[in-house]
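**Q** Just a sequence and a predicted model for now, questions to come.
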Amino acid sequence: MNSFVYYAFLATVITWLLTALGAGVVIFFKSPAQKIMNLMLGFASGVMIAASFWSLLQPAIERAETVSRLPAYLVAAIGFVFGAVFMWASDKIVTFAAKRADSMQGKPDERLSRIIMLVLSITLHNIPEGLAVGVAFGALGRGEFDPEGLMGAITIALGIGLQNFPEGAAVSLPLRREGYSRKKAFLWGQASGMVEPVAGFIGALLVVYVEALLPYALAFAAGAMILVAVHELIPECQKGKENSPYFATMGIVAGFTVMMVMDIMLG
């Protein structure tokens, strides 16, 4: 088996561990300062937006020009839209699951509904994030070794790992506030990232052995990441911004700038 498949698995294990590290903050306190959480989420969204273009869409277009019979712009558009639709469908599934859980109890249980929505939404959107890392490392297995490509893959894993930290906290801290023990809140928080190594391994395998799939997979991951950043992380980081209206926004700018500089320098 191609060694880069194992590298993809290792990288996504690290992103999972960063999720667990974020979930671990519940051991020390119930809720961090709102400004700090907003800054972290803003930084994460900026990282994801930058990574979506420089580390995913741009390579997707370049690959499509060499391996696809369709125009490169069409390949990128198809993959990007499908990635966004996948995340939209995931959100619908979460909503349906929450409603079903309510109906099974005979009356709405808002606490249970919130918990289901929280855990499933973050778990489901971790799937394309794992795919993004897997695709990036799997692409290195096509042709000659590319040091710049390797640094690009590491950059994607780093970006996703950075935004996984606040996500782990975003699961464990609300569970703790709902009355769960620190241990249970931590276990649920870190479990939301366990799908990433599986998705990363599968994504790397598919890309290594199905070359034509690569540009679509890269664009798919970009679409999924953009939807998550715009629909979930950015609105979340703007909560309670009245006292510091630009605090989280500067986090977005900083995250985008750091990821952009890293991608351009290393790739």
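**A** Right, received. Where do you want to start?

**Q** pLDDT-wise, which helix or strand of the chain ranks last?
**A** helix 110-138 (a mean of 70; mean pLDDT, DSSP states H and E).

**Q** for this protein, which spans come out with low pLDDT?
**A** The model of the chain has pLDDT under 70 over residues 1-2, 29-33, 94, 97-121, 124-125, 141-146, 148, 177-178, 266-267.

**Q** what about the strands in it?
**A** According to DSSP state E, the chain carries no segments that qualify as strands.

**Q** In it, where's the longest helix?
**A** helix 72-104 (DSSP state H).

**Q** which strands and helices sit next to that helix?
**A** Counting by 3 or more C-beta pairs under 8 Å, 6 or more residues apart in numbering; DSSP states H and E, the packing neighbours recorded for helix 72-104 are helix 58-67, helix 110-138, helix 214-228. For every residue, glycine as well, the C-beta is placed using N, CA and C.

**Q** That helix to helix 214-228, inter-axis angle?
**A** Here helix 72-104 runs at an angle of 50 degrees relative to helix 214-228 (axes from the mean of the first three to the mean of the last three C-alpha atoms, to 10 degrees).

**Q** Distance from helix 72-104 to the middle of the chain?
**A** Helix 72-104 sits 14 Å away from the centroid of its parent chain (C-alpha atoms, centre = their mean, to the nearest Å).

**Q** try stretch 209-226
**A** Counting by C-alpha atoms, centre = their mean, stretch 209-226 comes out at 14 Å from the chain centroid.

**Q** what do you get for stretch 18-28?
**A** The chain centroid and the centroid of stretch 18-28 are separated by 17 Å under C-alpha atoms, centre = their mean.

**Q** What residues sit buried inside it?
**A** By 16 or more other C-beta atoms under 10 Å, the buried positions in stretch 18-28 come out as 18-26.

**Q** Please apply the same query to stretch 243-258.
**A** Those would be 247-249, 251-252, 255-256, 258, for stretch 243-258 by 16+ other C-beta under 10 Å.
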